[in-house]
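Trainee: Build the 3D model from these lines:
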Amino acid sequence: MTTNPSIVEHLSSSKDIALMIGEIFGIFVVGLCIGLMGAIKKNKSSFKFTQKQSKLFSEQHSRIHEMLTELRVVSRASRCIIFQFHNSGSFADGTSIKRFSVTHESSDPKVSSILLESQDVFLTRYTDIVPIMQRQSGEIIDVNNISSSVFRSGLEINNVEYFSIIPLKCVDGLTPLGFVCCHWCSAELLNEIEKEGISRNKLQELIINTVQNINTHLTHIK
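Mentor: Residues are numbered from 1 along each chain as shown. Predicted coordinates:
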């Protein structure tokens, strides 16, 4: 039986196209694998510390935790927490998803930690925090005096009766880095300080000064 030359040419052409597509796909896969390996290698290398760097990193964060604990003890707070802003992905329109997470916490043994429940939190759910930070007054606020919201519910769930929020800034002094939040789970804790002759304004000033020192340490971590 004689094969039609046009069919042979068509089959040959189809074979060439298939081979070409296979080669392109193969190159793409190899390139993807190399890229992934490079990314993994880069990420691994970014977490490699020299002994000196590891010691310095540990000392810096230990000092921040010590300052946070000192603030909690002196102010009689139930918790003192550092929240830091970060981006994680983007929305469909390309705008970044703004979040915040707890990075340091000092809690009284009598109260529960909120460290694990406060990771990758959407800032849009807690917009109440923004105007409080903008005041930068370190004001100690009664939870009953703020409007009903997710923020207030979160405080109430964690038995917070009073709180104070102080902003943290990046090295330029303008860009928001995060904030320090102090929780008092009982009004008696604040009354104790007043009985010792420390006014509310004096306490707020103490909190602001301590947070400024914490801010300085945070922005100089290598």
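
Trainee: Nearest residue to the middle of the protein?
Mentor: Ser101 (3.1 Å; C-alpha atoms, centre = their mean).

Trainee: Need the three-state assignment for that one.
Mentor: With DSSP: H, G, I helix; E, B strand; the rest coil as the basis, Ser101 sits in strand.

Trainee: Is it in contact with Gln84, as I believe?
Mentor: Yes - between Ser101 and Gln84 there is a contact under C-beta atoms under 8 Å: 6.4 Å. Bear in mind the C-beta positions are built from the backbone N, C-alpha and C, glycine included.

Trainee: can you give me the strands for this structure?
Mentor: Assigned by DSSP state E, the chain shows strands spanning 79-90, 96-107, 121-122, 141-142, 162-169, 176-184.

Trainee: tell me the contacts of Met133?
Mentor: Met133 is in contact with 165-167, 176, 179, counting by C-beta atoms under 8 Å, 6 or more residues apart in numbering.

Trainee: cutoff 7 Å now
Mentor: Residues in contact with Met133 (C-beta atoms under 7 Å, 6 or more residues apart in numbering) are 165, 167, 179.

Trainee: Next: Ser101.
Mentor: With contact set as C-beta under 7 Å, 6+ apart, Ser101 has these partners: 83-84, 86, 118-121.

Trainee: Same check on Leu189?
Mentor: Contacts of Leu189 (C-beta under 7 Å, 6+ apart): 76, 78.

Trainee: redo that, cut-off 8 Å
Mentor: If you count contacts by C-beta under 8 Å, 6+ apart, Leu189 has them with 76-78.

Trainee: For Glu66, find the nearest of the strands of the chain.
Mentor: Nearest of the strands of the chain to Glu66, taken as C-beta to C-beta: strand 96-107 at 8.8 Å.

Trainee: Tell me the spacing between Ser137 and Ile208.
Mentor: Between Ser137 and Ile208 the distance is 8 Å, computed by C-beta to C-beta, to the nearest Å.

Trainee: Relative to Ile129, how far out is the closest residue to Val143 other than its chain neighbours?
Mentor: Spatially, and ignoring its direct neighbours in sequence, Val143 is nearest to Leu155 (5.1 Å; C-beta to C-beta, 6 or more residues apart in numbering). In this view, Leu155 and Ile129 are 11 Å apart by C-beta to C-beta.

Trainee: Ok, Glu194 next?
Mentor: 26 Å.

Trainee: Settle it for me: which of the two has more neighbours?
Mentor: Between Glu194 and Ile129, Ile129 has the larger neighbour count (other C-beta atoms under 10 Å), namely 18 against 12.
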